[in-house]
Structure formats: structure tokens, C-alpha cells
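Visitor: Predicted model and sequence below, questions to follow.
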Amino acid sequence: MKKILFVINTMGLAGAEVALLELLRRIDKSEYEISLFVMTGQGELAAKIPEGVKLLNEKYNYSPVHDKQGRKILRKSVIKALFKRANIIRLFPYLLGNFVKMLFSGRILPDKLLWRVISDGAIRFEKEYDLAVSYIEGASAYYVSDHVNAKKKAAFVHIDYDLAGYTRKLDRDCYLTFDKIFAVSGEVRDVFVKRYPECLARTDIFYNIIDVEGIREKANEPLCLEDLTKTADNNVKTLMTIGRLTEQKAFDISIEACRLIREKGCDIRWLVLGDGPCRDRLTRLVEEKGLKDIFILCGAVENPYPYLKQSDIYVHCSRYEGKSIAVQEAQILKRPIIVSDCSGNREQVTDGVDGLVCELTPEGIANAVLELLYDEKKCALFAAEEEKKNQETGRNINKLLEL
């Protein structure tokens, strides 16, 4: 029986983790012995690992990754990793050199620096695998490249490599050691191979595998939060966004757009399902703009689909993307969609055909919302086009297993 190891940074509630669960579910356990190692040993979605997949972490914390307590636990894991194998001394030149480079670029990204610490501080396995798969960038890629014994190695890239802040110096050219690199979209692939032209022949597209019928079924389940999508006044329209509260997702711009929409006299509620390190700052910004009961940070929700199904418009305006699973889910549930004009989003939504693509400015987002808000005919046309997307992608698995 062939032995496959999957490695991922966390199993928190996020798109890549959800896609991994579906991939693991689809692989035939009678043919393959499947193991999973979570670099940080943390995340609530590990409770949903399919039967037949072995979790290799000796100790595992099922607490959420993106709330305050989860981030505190994560910090402790990083500190612990710093003192393993004398990493604080051995990695000092790496950390200092890359920090200085970030400083001069005007963009300091501590998480990108610390992935190497987590990788080098993790436990090692003597077992040889037939295939080892890094399912996301950062720690898992470094770990599979440097510390896993496998006959074949594959890596997944889920984001715009440049805009996410990765560099070859930061990665120590780790992708040169992989037999195959899978990008989740064409734009993700194009950006990646510009930085790693040596990997062009080894880089392919592997679209996220999603459970279309499962999403439709879960959309009919009872709501698990207070029902914020229903109001006594039918004129109140509900906007929705699903995503981690990070700089990438540009919620600061969406909040200002919400203020502009309200100034036009439109009665809306904008629900945000997700949590993350920017929550406190965004909460203050919402209050400063007088939007406390309008732009609502609901927190992470295990089943967002009933809320998504009841929303009037799905808004996904990020600074950059790979291929957003949240957008795919909105398409499956035939929600009118607005996305920002950035990598990833452009590949998922065709402007004026199955959604609107807008500038990532408060005015750009607000104008797109105002265009769709009361245009039922246009919303219906977009929904009809969305049905043609997100067809079965399970055959992608063969690209991986043929290794």
C-alpha cells in the first residue's frame, strides 16, 4: 500500500484547510495509507479529518486558530520552537537578514519569518513515504523540503506569491526540491513561475475540490447564530463577506464603502463571518464610522451556508487572492457576487457576466453594491451564469496520485 503524507500549517477554519479535508475524503483509503501532520498542532477543523486518515501530531489542540485565545496558543508554540535545536541561535542570521530586507521594502511580515522557526522546531519522522505533500506555503513547504524522507514530493501554492510577501530568499529556494508544484489557479501559477522559472515544466493547475452537493445540503440546516439576516423590514438588504480578519481581506476599505452606501439612504446590514488578528482594530473602526449595528463582525461560523443562502449580495473585496473558496461557495448557492479587481478574483468572476468586478476603493465597492442592490433582473442573470461554474473537479486527484 502506498504511503502519502500531507503537511499543512494549521487546521483552522479557512479555505485551504476546507479544501484539504475534501481532498482527503476523496482519496481511496483501501489503496493508500494517508497521514496528516499539522505544523502548529492546532485548529478546530482537525475534528473533521476523514476516517482512515492518521493525525501524526503527538499533542493536538482543537481550539480555533484565529481568535484571541488561539493566537495566544500559537505564540507559545512559536516561542517553544525557537528554543528547540538551538533555533534561536542557528536561525538568527536568516531571521535578521530577511527582517532587514522586509524593513527596507516597507512591509514587515512576522508570520512569514516565523514559518521557518516552526518548521525547524517540529518533530521529525524516520518513516519513508511514497509521496509527501506540502498543502500550503510557508512552514509546511519548508518542512517537506528539508525534513521529510519521501520518494516524491509535491507542493501546493494557494496565493499570489509576490503579494503575499514570499521571496526566494525567504524560502531558501525550497520549491526546487519538489517533483511537482500545484497552483490553485492560472494567475497563481503565472506569478509563481515568474519567481521560479526553473519550475515551469513541473508546475500545474490543481483547482480546489469542493463538495457542491454537501454545501447545498448544509445551506438548508438551521442557523447556529442569532438570525441576523432576517428583519421585520423587507427593505433591509443583507450583504455578506466570509473571510479571516486580516490585512489581505481589506475589511477597512469595505467598512468605508458601507458608510458611503448608508449615506445614499440604503438600508443594509453587512455580515462578516470570520475571525483574525485585525478584529480589535476593525471593531474600533466600525464604531468610529457609526456602523455598529450595520457592519457586523459575527466571528467564525462552522456552517456559514445558511447565512450565505439568505444574503442578497456576496461581497469579496480582497487585496489579493489565490482562488477563493468563499467565492466558489457563493456561486454554488447562486448569490449575486461582487469581487475586487485583483489576482485570483479575476479568474473566478467575469465582470458583467456572472458578477461585478470593482476597484478596491470605498467608492468602487459602494458603486458596485448600489448597481446590484435593487436590480433583481441583473442578479437573476448572474445567478444563471454561476450555475455553469464549479463543476466536478475530483479528476484533479489523478494529477496528484500519478506521482
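Guide: Arrived safely, thanks for sending. Please read all numbers here as calculations on a predicted model, not as lab measurements.

Visitor: what distance separates the start and the end of stretch 344-353?
Guide: Stretch 344-353 has an end-to-end distance of 17 Å (Cα to Cα, to the nearest Å).

Visitor: now swap in stretch 258-277 and tell me
Guide: For stretch 258-277, the first and last residues are 21 Å from each other (Cα to Cα).

Visitor: For that stretch, which residues meet the burial criterion?
Guide: 258-262, 266, 268-276 (16 or more other Cβ atoms under 10 Å). C-beta coordinates here come from the backbone N, C-alpha and C atoms, glycine included.

Visitor: residue ranges of the helices in the stretch 201-350 of the chain, please?
Guide: 212-218, 251-263, 279-288, 305-310, 325-332, 345-348 (DSSP state H, counting those that start in this stretch).

Visitor: on that earlier part again, any idea which of the buried residues of stretch 258-277 is closest to residue 212?
Guide: Distance to residue 212 across the buried residues of stretch 258-277 (Cβ to Cβ) is lowest for residue 273, with 19.8 Å.

Visitor: Of all the helices of the stretch 201-350 of the chain, which one is nearest residue 16?
Guide: Among these, the nearest to residue 16 by Cβ to Cβ is helix 325-332 (8.0 Å).

Visitor: Give me the distance from that closest one to the chain's centre.
Guide: 12 Å (Cα atoms, centre = their mean, to the nearest Å).

Visitor: and it, what does it pack onto?
Guide: helix 15-26, helix 212-218, strand 237-242, helix 305-310, strand 313-316, strand 337-340, helix 345-348 (3 or more Cβ pairs under 8 Å, 6 or more residues apart in numbering; DSSP states H and E).

Visitor: Dump the ones you listed to TSV, plus mean neighbour count.
Guide: Putting these into TSV (neighbours: other Cβ atoms under 10 Å) gives the following:
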stretch	mean neighbour count
helix 15-26	20
helix 212-218	14
strand 237-242	23
helix 305-310	21
strand 313-316	25
strand 337-340	27
helix 345-348	21
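
Visitor: Make CSV from the ones you listed and add distance to residue 206 and mean pLDDT to it.
Guide: Rendered in CSV, the data for the helices and strands packed on helix 325-332 read as follows (distance: least, Cβ to Cβ, whole Å; pLDDT from 0 to 100):
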stretch, distance to residue 206, mean pLDDT
helix 15-26, 9, 92
helix 212-218, 17, 89
strand 237-242, 22, 94
helix 305-310, 24, 92
strand 313-316, 21, 95
strand 337-340, 21, 95
helix 345-348, 14, 88
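
Visitor: Which among the helices of the stretch 201-350 of the chain is found nearest to residue 129?
Guide: Nearest to residue 129, of all those, is helix 325-332, at 26.8 Å by Cβ to Cβ.

Visitor: Convert that closest one to CSV, retaining C-alpha atoms only.
Guide: Taking Å, rounded to 0.1, in the frame of the first residue of the first chain, the C-alpha atoms of helix 325-332 are listed here in CSV:
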residue,chain,number,x,y,z
ILE,A,325,-13.3,29.0,-1.9
ALA,A,326,-15.8,31.5,-0.3
VAL,A,327,-16.5,32.9,-3.8
GLN,A,328,-16.9,29.4,-5.2
GLU,A,329,-19.4,28.7,-2.4
ALA,A,330,-21.4,31.8,-3.1
GLN,A,331,-21.5,30.8,-6.8
ILE,A,332,-22.8,27.3,-5.8
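
Visitor: Show residues contacting it.
Guide: 15-16, 18-19, 208, 210, 212, 215-216, 241-243, 304-305, 308, 314, 316, 337, 339, 345, 348-349, 354, 386, 389-390 (Cβ atoms under 8 Å, 6 or more residues apart in numbering).

Visitor: do the same with stretch 96-109
Guide: By Cβ under 8 Å, 6+ apart, the residues outside stretch 96-109 that reach it are 112, 113, 165, 167, 169, 170.

Visitor: for those, which one is nearest residue 369?
Guide: The shortest approach to residue 369 among the contacts of stretch 96-109 belongs to residue 165, at 29.6 Å (Cβ to Cβ).

Visitor: so how far is stretch 316-332 off the chain centroid?
Guide: Taking mean C-alpha positions (Cα atoms, centre = their mean), stretch 316-332 and its chain are 9 Å apart.

Visitor: Now render the helices and strands packed on helix 325-332 as JSON lines, adding distance to residue 9.
Guide: As requested, the helices and strands packed on helix 325-332 are arranged in JSON lines below (distance: least, Cβ to Cβ, whole Å):
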{"stretch": "helix 15-26", "distance to residue 9": "9"}
{"stretch": "helix 212-218", "distance to residue 9": "24"}
{"stretch": "strand 237-242", "distance to residue 9": "20"}
{"stretch": "helix 305-310", "distance to residue 9": "25"}
{"stretch": "strand 313-316", "distance to residue 9": "22"}
{"stretch": "strand 337-340", "distance to residue 9": "25"}
{"stretch": "helix 345-348", "distance to residue 9": "23"}
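
Visitor: Please name whichever of these is nearest to residue 382.
Guide: Nearest of the helices and strands packed on helix 325-332 (Cβ to Cβ): strand 337-340, 6.9 Å.

Visitor: And that closest one, how far out from the chain middle?
Guide: 16 Å.

Visitor: The helix or strand of the chain with the lowest mean pLDDT - contacts with which helices or strands?
Guide: Between all helices and strands in the chain, the lowest mean by mean pLDDT, DSSP states H and E belongs to helix 68-82, at a mean of 82. Applying 3+ Cβ pairs under 8 Å, 6+ apart, we find helix 68-82 packed against helix 110-121.

Visitor: helices or strands up against the helix or strand following the helix it packs on?
Guide: Following helix 110-121 in sequence order, the next helix or strand is strand 129-134 (DSSP states H and E). Applying 3+ Cβ pairs under 8 Å, 6+ apart, one finds that strand 129-134 makes contact with strand 2-8, helix 139-147, strand 150-157.

Visitor: quick one: residue 219 and residue 333 touch, right?
Guide: Yes: counting by Cβ atoms under 8 Å, residue 219 does reach residue 333; the two are 5.7 Å apart.

Visitor: quick revisit: could you point out which of the helices and strands packed on helix 325-332 sits nearest residue 182?
Guide: helix 15-26 (10.7 Å).

Visitor: which strands and helices sit next to the helix or strand following the closest one?
Guide: Once the chain leaves helix 15-26, the next helix or strand it forms, by DSSP H and E, is strand 32-38. On a contact count with 3+ Cβ pairs under 8 Å, 6+ apart, strand 32-38 meets strand 2-8, strand 53-55.
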